[in-house]
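1. give me the fold of what follows.
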Amino acid sequence: MNDNYNFNGKNILVVDDDKASVHMAESCLQRAGADVLSASNGSDAVKLVSDRHIDLILMNIDMPIMDGYEATSKIRKINKKVPIIAYTTSHLNGEKERCLQSGFNDYLLKPVYPDVILSTIDKYLE
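-> Numbers count the residues shown, from 1 in each chain. Next up, the predicted model:
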């Protein structure tokens with residue numbers, strides 16, 4: 001367990017089609033005590049949010065089947081309060097603002113280091 005963070009009992013959903021990114025996020029979140037679920041596209045994420053209690057979502061923007069923007073829009077119809085953090089490689093000008101206007105609570109630019117992920121998530125799980 002990561003000594004600086006305690007996410008025991010928290011269900012965190014990692015949504016990303018990149019297996020390496022999912023693995024990195026899962027391992028640092030599990031070390032902090034979180035129960036981690038994952039989905040490789042937005043459609044699967046929406047189904048998980050419909051079926052289970054989720055405390056926070058770490059969501060890639062650019063994915064096949066359903067991107068992070070569409071998934072966030074659909075999730076907001078199911079659960080308006082769950083924190084959703086955009087997690088992306090997109091360096092497009094204005095992308096952060098677009099994410100925040102689209103219903104995301106925060107924005108992280110890949111590559112994201114474990115301490116940055118943990119400290120950002122900690123702000124929303126307190």
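2. from residue 35, how far off is residue 29?
-> 9 Å (C-beta to C-beta, to the nearest Å). For every residue, glycine as well, the C-beta is placed using N, CA and C.
3. tell me which of the two has more neighbours.
-> residue 29 (24 against 15; other C-beta atoms under 10 Å).
4. quick one, strands of the chain?
-> 11-15, 35-39, 56-59, 84-88, 106-109 (DSSP state E).
5. please identify the pairing partners of the last one and their relative orientation?
-> Taking DSSP bridges as the criterion, strand 106-109 sits next to strand 84-88 (parallel) in its sheet.
6. need the contact list for the nearest residue to residue 66 once chain neighbours are set aside.
-> Spatially, and ignoring its direct neighbours in sequence, residue 66 is nearest to residue 42 (3.2 Å; C-beta to C-beta, 6 or more residues apart in numbering). By C-beta atoms under 8 Å, 6 or more residues apart in numbering, residue 42 lies in contact with 15, 59, 63, 65-68, 70-72, 74.
7. for residue 13, same thing?
-> 36-39, 45, 48-49, 54, 56-58.
8. ok, which pair from these is furthest apart?
-> 36 and 49 (14.5 Å; C-beta to C-beta).
9. who's more crowded, these two?
-> residue 49 (24 against 19).
10. how much space between that one and residue 113?
-> 27 Å.
11. likewise residue 99?
-> From residue 99 to residue 113 the distance is 19 Å (C-beta to C-beta).
12. who's more crowded, these two?
-> Comparing residue 99 with residue 113 by neighbour count (other C-beta under 10 Å), the higher total belongs to residue 99, at 25 against 11.
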